[in-house]
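*Asks:* what follows is a predicted protein model with its sequence.
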Amino acid sequence: QFGFPARSKPVSTDPNICLNLMTELKCCPDWSSKKIVNFKLQPQSSPLRVRRPAHALDAEAAQKYERATALMRALPDNHPWNFVQQANIHCAYCSGNLRQLGLNISLEIHGSWHFFTWHRAYLYFYERILGKLLNDPSFALPFWNWDDPSGMSIPAIYRDNSSSLSNPTRYPIGLKFIDLGGCEGNNTVESLPMQRQCNLQLMHRQFIAGFNSSSLFYGSPYRAGDNSFPGGGAIESLPHSPVHLFTSSDMSILTRAAQDPIFFAHHANIDRLWAIWESIPGNGSKVFNNDKDFLEASFLFWDENKQLVRIMVRDVIDTAKLGYVYEQVPLQWMNLRT
Ligand code: C2O
């Protein structure tokens, strides 16, 4: 017409095309021909799920989580709740395999404003499936509290190789102190205080970098027809990526990352940082709340009733409406002077 760009639209997942581009990892979910239901927020009849720090779980909660994950692993290979099937959903959304609805272009959930939103929805369903397997509607995923000195190594529940929560292929990092990004010391008693301080300063910098700007925090807009990775937010680059690399093995490869159960604790902490950012007065209104291409983007997941569900970003903005909250723990980095 007169050179106007086409009307913009939100990205949406095509259930019928998935390409298995990588031969060594065929992670396409079996979605075609399945009936899709639109997501509806559940009425708040069940108790709020409270997500707690993984290193501070009591023995009973840790056992429950371990048992639920073991049950998930024991399901038939093609069951939508099977652990590998669940991990494959993450892979499908970051391997270029899935397509945007109606467009022959890949749907990628990293490196844009959908980084926080997609992972929140993914964890939401994953947590509810575990709860269903336990028959416990209050079951909550733990978070890896790596932004606090007490959580700056692999939490014990993920370190026991006989546990369903472990991943024996990880490099044996044991109690090694984490590097959130350029903070690696030699892990001696003398270097730990410096590493700790460096991690806290990095947390402060990255969080404050996105303090006044939605796109610095969330990442750049990503609309239907856009190419992948228009630009990630501050937290996605640091400390999100270094924590993946620190964990090693599956966690260090995007398409395999969710094969390590610690992935879900890592991303619960990422999700928690988003919830903290949202709770800061003024920030709620900085959510791209006038942008339909943000709010109406939609993704597909298996839910806890084995239904294939289409969920929109507007449904995941408020964790309490999704039925969960994070236990409040100290934020040593928040008011740090640097
Ligand atoms: Cu979807 Cu931390 O990666």
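*Replies:* All right, it came through fine.

*Asks:* and the helices in the stretch 201-338 of the chain, which stretches?
*Replies:* Listed in chain order, the helices found in the stretch 201-338 of the chain under DSSP state H, counting those that start in this stretch are 214-218, 234-235, 241-247, 262-279, 292-295.

*Asks:* tabulate the ones you listed (CSV), appending mean pLDDT.
*Replies:* Below are the helices of the stretch 201-338 of the chain laid out as CSV (pLDDT from 0 to 100):
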stretch, mean pLDDT
helix 214-218, 87
helix 234-235, 95
helix 241-247, 96
helix 262-279, 96
helix 292-295, 94
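
*Asks:* what's the longest helix along the chain packed up against?
*Replies:* When the chain is scanned for its longest helix (criterion: DSSP state H), the result is helix 115-134. In this structure, helix 115-134 makes packing contacts with helix 59-74, helix 83-92, helix 262-279, strand 298-302, judged by 3 or more Cβ pairs under 8 Å, 6 or more residues apart in numbering; DSSP states H and E. For glycine as for every other residue, the C-beta is placed from the backbone atoms N, C-alpha and C.

*Asks:* now the ones you listed in JSON lines, with distance to the ligand?
*Replies:* Converted to JSON lines, the helices and strands packed on helix 115-134 look like this (distance: least, Cβ to the nearest ligand atom, whole Å):
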{"stretch": "helix 59-74", "distance to the ligand": "18"}
{"stretch": "helix 83-92", "distance to the ligand": "6"}
{"stretch": "helix 262-279", "distance to the ligand": "6"}
{"stretch": "strand 298-302", "distance to the ligand": "12"}
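
*Asks:* can you redo these as a markdown table with distance to residue 161 and mean neighbour count?
*Replies:* As requested, the helices and strands packed on helix 115-134 are arranged in a markdown table below (distance: least, Cβ to Cβ, whole Å; neighbours: other Cβ atoms under 10 Å):
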| stretch | distance to residue 161 | mean neighbour count |
| --- | --- | --- |
| helix 59-74 | 13 | 16 |
| helix 83-92 | 16 | 22 |
| helix 262-279 | 13 | 22 |
| strand 298-302 | 29 | 23 |
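
*Asks:* for these, which one sits closest to residue 336?
*Replies:* Nearest to residue 336 among those is helix 262-279 (14.6 Å), distances taken as Cβ to Cβ.

*Asks:* mind checking how far the closest one is from the chain centre?
*Replies:* Averaged C-alpha coordinates place helix 262-279 at 7 Å from its chain's average position (Cα atoms, centre = their mean, to the nearest Å).
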